[in-house]
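Q: Next one to model:
(chains A and B)
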Amino acid sequence: MRVSNVLGIENKKPSIEEILDSGKFLVSGEIGPPKGPDIEEMIGHIDLLKDRVHAMNITDNQSSVMKYPSLATALIILEHGGEPILQVTCRDRNRMAIESDLLFAYTRGVRSVLCLTGDSVPVGDHKECKSVFDLESVQLLNLFRTMEEGNDMGGNEMNGPVKFFPGAIVTPEADPLEPQLLKFEKKVEAGARWFQTQAIYDMDHFAKFMKGAREYPVKIQAGLVLLVSAGMAKYMNKNVPGVFVPDELVGEMAASEKGKALDTGIRIMARQIKRIREENLADGVHIMAIGKEGVVPRILEEAELDINDL
Amino acid sequence: MIITKQKPFEVVLEELGDAKSVFLVGCGDCATLCETGGEDQVKEMGQKLESEGKKVAGSVVLEVGCHELDAKKQFRVQKDEIAEADVILVMSCGAGTQAARAVTDKPVFPANDTLFLGNILRYGNFEEKCSLCGDCILDETGAICPVTRCHKGILNGPCGGTDKGKCEVDPDKECGWTLIYQQLEKEGRVEAMKEYRPAKNWNAVLKPGNFVIPSRRKGGDEGE
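A: The predicted model follows:
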């Protein structure tokens, strides 16, 4: 039984499951919803990206900062003819709220869900709020199996099954790496069908990671975050767990002509995408141009990546 | 033990409002070790209150602040002092404050904030290691509790916020799951990390908790 789109939204694009199954290189972008009710700029980004990438992630109160909701944004993407990847974190909703949201998402045509535990509350902008974490990423992935069997987590039968394409994230640069790899394995076993990585920059290290990861029956997209300055690269090295920008890239950013750092960042990402495709390092890329969504078409052009030619 | 810290004295004064006479209750156990409700702190509190023009009608440091039966007995012994007091100020944990609540009808106020169930690392230095969840899984995790020692309390391994063994909420806090991994590695059973742990029953102890040990149960299985 497939009851999606009962309220009239049609899926105009192929699902990412179809794209990955066909062996195509999956290209996704990311939409960061705004803080507040003015969604015009976000809609501009959606319209800009919807035909240039296969799908768009929507972050869920990313970094524990309260934003316009990911679920609502997923529907806007569908209304605008794009394909959403709904990010669901466990920080703000208990299992009952998540299940209920997923029922809604399913009936409105959302097909892919990326499962995350979510950042801690104290790193965000609502430092005194109660963290939920009733579930975490592995248990959330397992929930999709339960719902696919037509049941909820309370052990009750629903009036029909719910089928999504569940995915998860993995951090190739985690330190120490071994516990992260054990968790990756658990995510695969819990039902993750595809992965997006945390931002990677060290391509040799990534290639090594992928050699091991390829042993598992899942597809993996390389996560790429656009560098906009040398300062940003240094900041991430110091403050963002699991992200490592090698010295030579920090140097390349620093050597940019005045006002041209963004161009360098675009060049670096385009080069990364080319190498990933040429060496078949991953099954796709996930482009995070945090706050600079407008330059994604340029990145794709420089990378000579047109999803219509794949 | 239960870890407490004293509220700022101005806050205590504000709580007491225009009460003229105060009866002080300390705790000879946890609050004594936390230096928030032992003999010395009760004496000091009395002096500070007097310097603010309050009268100290009397005081007691209970052997254990949260023992309601003992509190009841002691309050009977000192009933005249308590009768004279406008309010009772309790220098114990929240449980101790409510023990006093249970044995007198006078207004009762807390002098402390109650922080957590803590281990004593060394004198005056405490760390939370157990969350009293009612469903212990320490057998699976190298006797290191992920519910407590991971900030998010997650059950299937470290989150992406861990870095070099530290937690994203505070670089001084260890990542609980890294500790678990290291311990299991020492024990030669890292495999235990691969075990899927289903969603937790957060209601293993139905709040508010109530428990009667089996030998004390009357007429069957009540309690918990």
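
Q: Please count neighbours and contacts with C-alpha atoms only from this point.
A: Will do.

Q: Can you report how many residues lie near A:G154?
A: Other residues within reach of A:G154 by the criterion other C-alpha atoms under 10 Å in any protein chain shown amount to 8.

Q: can you give me phi and psi for it?
A: According to degrees, to the nearest 10, the main-chain angles of A:G154 amount to phi -80, psi 0.

Q: A:E136 is in contact with A:N94, correct?
A: No. Because the distance of 10.0 Å does not satisfy C-alpha atoms under 8 Å, A:N94 is recorded as not touching A:E136.

Q: More neighbours: these two, which one.
A: When A:N94 and A:E136 are compared on other C-alpha under 10 Å, the one with more neighbours turns out to be A:E136, at 26 against 15.

Q: Hmm, A:D92 and the more buried one touching each other?
A: No. Under the criterion of C-alpha under 8 Å, A:E136 makes no contact with A:D92, lying 11.2 Å away.

Q: And the contacts of stretch A:238-252?
A: Among residues not part of stretch A:238-252, those counted as contacts by C-alpha atoms under 8 Å, 6 or more residues apart in numbering or on different chains are A:171-175, A:198-202, A:230, A:233-234, A:236-237, A:264, B:160-163, B:168.

Q: Which ones among those map onto strands?
A: Judged by DSSP state E, the subset of the contacts of stretch A:238-252 located in strands is A:Q198, A:A199.

Q: Show me what from the stretch 151-300 of chain A comes close to chain B.
A: Near chain B, the residues belonging to the stretch 151-300 of chain A are A:170-171, A:174-176, A:179-180, A:182-183, A:185-186, A:240-242 when assessed by C-alpha under 8 Å from any C-alpha of the partner chain.

Q: The lengthiest strand in chain B pairs with which strands, and in what direction?
A: With DSSP E applied, the strand covering the greatest number of residues in chain B is identified as strand B:112-122. Take DSSP bridges as the rule and strand B:112-122 pairs in its sheet with strand B:2-6 (antiparallel), strand B:125-128 (antiparallel).

Q: May I see these organised as JSON lines, with mean pLDDT, distance to B:A71 and mean neighbour count added?
A: Listed next are the strands paired with strand B:112-122 as JSON lines, based on pLDDT from 0 to 100; distance: least, C-alpha to C-alpha, whole Å; neighbours: other C-alpha atoms under 10 Å in any protein chain shown:
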{"stretch": "strand B:2-6", "mean pLDDT": "98", "distance to B:A71": "18", "mean neighbour count": "22"}
{"stretch": "strand B:125-128", "mean pLDDT": "98", "distance to B:A71": "26", "mean neighbour count": "15"}
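
Q: what does chain B have sitting close to chain A?
A: The interface of chain B toward chain A, taken as C-alpha under 8 Å from any C-alpha, is made up of B:151-165, B:168-169, B:178, B:181, B:193-194, B:196-200, B:202.

Q: Now with 10 Å, please.
A: Counting by C-alpha under 10 Å from any C-alpha of the partner chain, the residues of chain B lying close to chain A are B:151-170, B:177-178, B:180-182, B:190-191, B:193-202.

Q: For those, which PyMOL command selects only the ones that are buried?
A: Of the residues of chain B next to chain A, the buried ones go into a single PyMOL selection, burial set by 16 or more other C-alpha atoms under 10 Å in any protein chain shown:
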select buried, chain B and resi 151+152+153+154+155+156+157+158+159+160+161+162+163+165+166+167+168+169+177+178+180+181+182+190+193+194+196+197+199
